[in-house]
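Enquirer: based on what follows, work out the 3D shape:
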Amino acid sequence: MIDKLEYLIMLSHERHFGRAADKLGITQPTLSAGIRQLEERLGVTLVNRGSRYKGMTSEGERVLAWARKITDDVRTMREEVRSVRRGLSGHLRIGAIPTALSLVPRLTTPFRERHPDVTFDVTSFSSLDLLAAVENFEIDVGLTYHEDDRVRRVDARPLFEERYSFITTRGHPLADRDRISWQEANAVPLCLLSPSMQNRRILNRHLGEKSAVLETVMESNSMMAILAQVRMAGLATIMPHHVATMLGLGDPLVAIPLDDPDVTYTIALVTARRDLRPPIVAAFWSEASEQADPVG
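Expert: Numbers count the residues shown, from 1 in each chain. Next up, the predicted model:
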């Protein structure tokens, strides 16, 4: 029955029978038959069908929630048995908001040095999608803003303090400054993350006080795309200082601390609340605190 629950989870994720079957490595008829067998066994209709997938029924949504928990528990059991026999091994699924992606190696590098049989899958998410993926057991751990109210629904461990820098190129009118105020940054054209991103909403609160309109010449959900535009066009952006450091900004780019006010936000490691964590998740959760910056 576990495999049929996995069919349901994948169908919900892909929202298409053909794509779900491809991801599972089975044929579409096998997937359809498996879902019908699950429906017959439970005595309810789980999927709204027509000429194509039309979503889950209300009963299907409830079964889906249980399916995610059950399959996660089975995975935990398998990992417990394997770790007793062979030590810690397996695959850890990590999600991170774009501005925290550069922090992931600070956690995975020392972890893999201790546990060489562990592999990683790292995916970028918006803060909203990341927390949904954590709660649905689609990823094991995530890095996101600790101040986000939605973090209260999961387990969270503060790890890193985030401060902001003004990034531009040599020759820009502000390039020779030691520090720049938020008001001064707001007075020049900027390349920023898209308005849908949590980081941009944070910047709006500090750049857009008193309903000021931000003058953006480019918006993107990619930090690399923004940096490329800044480098090529001699423009400016604002990003967490650790991102600038990890990306290894070289000439002609310069990073200048932002203050007045000095704005900090905390990046936290999050994971789903469960009675028993998979061994890999439990070890990663425990060892991550060793790599943390002091967080007040």
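Enquirer: where do the helices sit along the stretch 51-200 of the chain?
Expert: Applying DSSP state H, counting those that start in this stretch to the stretch 51-200 of the chain gives helices spanning 58-86, 104-114, 127-135, 182-185, 198-207.
Enquirer: so which of those gets nearest Ala292?
Expert: Go through the helices of the stretch 51-200 of the chain one by one with C-beta to C-beta and the one that ends up closest to Ala292 is helix 104-114, at 9.0 Å. C-beta here means a position set from N, CA and C on the backbone, and glycine is covered the same way.
Enquirer: give me the buried positions along that closest one.
Expert: Within helix 104-114, the residues scored as buried using 16 or more other C-beta atoms under 10 Å are Val104, Arg106, Leu107, Thr108, Phe111.
Enquirer: could you do stretch 176-191 as well?
Expert: By neighbour count with 16+ other C-beta under 10 Å, stretch 176-191 contains the buried residues Ile180, Trp182, Ala185, Asn186, Val188, Leu190, Cys191.
Enquirer: the nearest residue to the last one once chain neighbours are set aside and Thr99, how far apart?
Expert: If I follow you right, that is Cys191. Closest residue to Cys191 in three dimensions, ignoring its sequence neighbours and counting by C-beta to C-beta, 6 or more residues apart in numbering: Met218, at 4.2 Å. With distances taken as C-beta to C-beta, to the nearest Å, Met218 is found 17 Å from Thr99.
Enquirer: neighbour count: these two, which is higher?
Expert: A side-by-side neighbour count of Met218 and Thr99, using other C-beta atoms under 10 Å, places Thr99 first with 27 against 16.
Enquirer: please name the residues that touch that one.
Expert: For Thr99, the contacting residues are Glu162, Leu193, Asn199, Met223, Met239, Pro240, Val243, by C-beta atoms under 8 Å, 6 or more residues apart in numbering.
Enquirer: go on, Ser181?
Expert: With contacts taken as C-beta under 8 Å, 6+ apart, Ser181 has the following neighbours: Leu258, Asp259, Asp260.
Enquirer: of the residues you listed, which one scores lowest on pLDDT?
Expert: Looking at the contacts of Ser181, model confidence by pLDDT dips furthest at Asp260: 80.
Enquirer: can you count the residues close to that one?
Expert: Here the count is done by other C-beta under 10 Å, and Asp260 has 11 residues near it.
Enquirer: run through who's touching the lowest-mean-pLDDT helix or strand in the chain.
Expert: None of the helices or strands of the chain scores lower by mean pLDDT, DSSP states H and E than helix 241-246, at a mean of 75. Residues outside helix 241-246 that contact it (C-beta under 8 Å, 6+ apart) are 99, 102-103, 105, 160, 162-165, 167, 223, 255, 257.
Enquirer: does Lys69 touch Phe137 like I think?
Expert: Yes. Between Lys69 and Phe137 a contact is recorded at 7.1 Å, counting by C-beta atoms under 8 Å.
Enquirer: the more surrounded of the two?
Expert: More neighbours surround Phe137 than the other of Lys69 and Phe137, with 21 against 16 (other C-beta under 10 Å).
Enquirer: ok, now how distant is that one from Ser196?
Expert: As for Phe137, its distance to Ser196 is 24 Å (criterion: C-beta to C-beta).
Enquirer: one more: Glu184?
Expert: Taken as C-beta to C-beta, the spacing of Glu184 relative to Ser196 amounts to 26 Å.
Enquirer: same check, this time on Thr27
Expert: According to C-beta to C-beta, Thr27 and Ser196 sit 37 Å apart.
Enquirer: before we move on, what about Val104?
Expert: Between Val104 and Ser196 the distance, using C-beta to C-beta, works out to 22 Å.
Enquirer: biggest strand in this structure, by residue count?
Expert: Here the longest strand in the chain is taken by residue count, with DSSP state E as the criterion, and it is strand 155-169.
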